[in-house]
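Undergrad: model the structure of this input:
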Amino acid sequence: QLVESGGGLAQPGGSLRVSCATSGFHLDNYAVGWFRQAPGKEREGVMCISAGNQITYYTDSVKGRFTLSKDYANNSVHLQMNSLKPDETARYYCAANVFCSDLDVKGYWGQGIQVTVSL
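TA: Predicted structure coming up:
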């Protein structure tokens, strides 16, 4: 089971952290990734952390601004988003499965959480 939390409203240039609480598997055995979908647009991959803690960026646009980390105490994965842009307004989803490479088609998904970047 995957449950997202921490979304909300941020100003352009601001920061927000969204979290994915996991259950039913160990973070060292599964990859966990984040995806986002804006109204009227296709779902887009953001980034993923593998079972071995390697980071995969699905989009270069977040490099240097977004970071992923594992929180073993809470069985969670946190997506820290800095320098947010208005066009990053979307519903953010976390997904998990064995590999980052096919997470979009084989992942188990959370229900998503809204992130809005606006003045």
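
Undergrad: just the CA atoms from the lowest-mean-pLDDT helix or strand in the chain would do, formatted as PDB, please.
TA: Lowest by mean pLDDT, DSSP states H and E among the helices and strands of the chain is helix 103-106, with a mean of 90. Only the C-alpha atoms of helix 103-106 are listed here, as PDB (Å, rounded to 0.1, in the frame of the first residue of the first chain):
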ATOM      1  CA  LEU A 103       7.600   1.500 -12.800                       C
ATOM      2  CA  ASP A 104       5.100   3.400 -15.000                       C
ATOM      3  CA  VAL A 105       3.600   0.200 -16.400                       C
ATOM      4  CA  LYS A 106       4.200  -2.300 -13.600                       C
END
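
Undergrad: give me the contact list for it.
TA: With Cβ atoms under 8 Å, 6 or more residues apart in numbering as the contact definition, helix 103-106 has outside contacts at Ala31, Gly33, Phe35, Arg43, Gly45, Cys48, Ala95, Ala96, Asn97, Val98, Phe99. C-betas here are computed from N, CA, C, even on glycine.

Undergrad: surely Val115 is in contact with Ala90?
TA: Yes: in this structure, Val115 is within contact of Ala90 by Cβ atoms under 8 Å, at 6.2 Å.

Undergrad: what do those two both touch?
TA: Counting by Cβ under 8 Å, 6+ apart, the shared contacts of Val115 and Ala90 are Arg36.

Undergrad: for the residue nearest the centre of the chain, which non-adjacent residue is spatially closest?
TA: Closest to where the C-alpha atoms of the chain average out (Cα atoms, centre = their mean) is Trp34, at 2.7 Å. Once flanking residues are discounted, Trp34 sits nearest to Val46: 4.3 Å by Cβ to Cβ, 6 or more residues apart in numbering.

Undergrad: and for Tyr108?
TA: Ala96 (5.3 Å).

Undergrad: again, but for Gly110
TA: Nearest non-adjacent residue to Gly110, counting by Cβ to Cβ, 6+ apart: Leu2, 3.6 Å away.

Undergrad: in contact with that neighbour, which residues?
TA: Cys20, Ala21, Thr22, Cys94, Ala95, Ala96, Tyr108, Trp109, Gly110.
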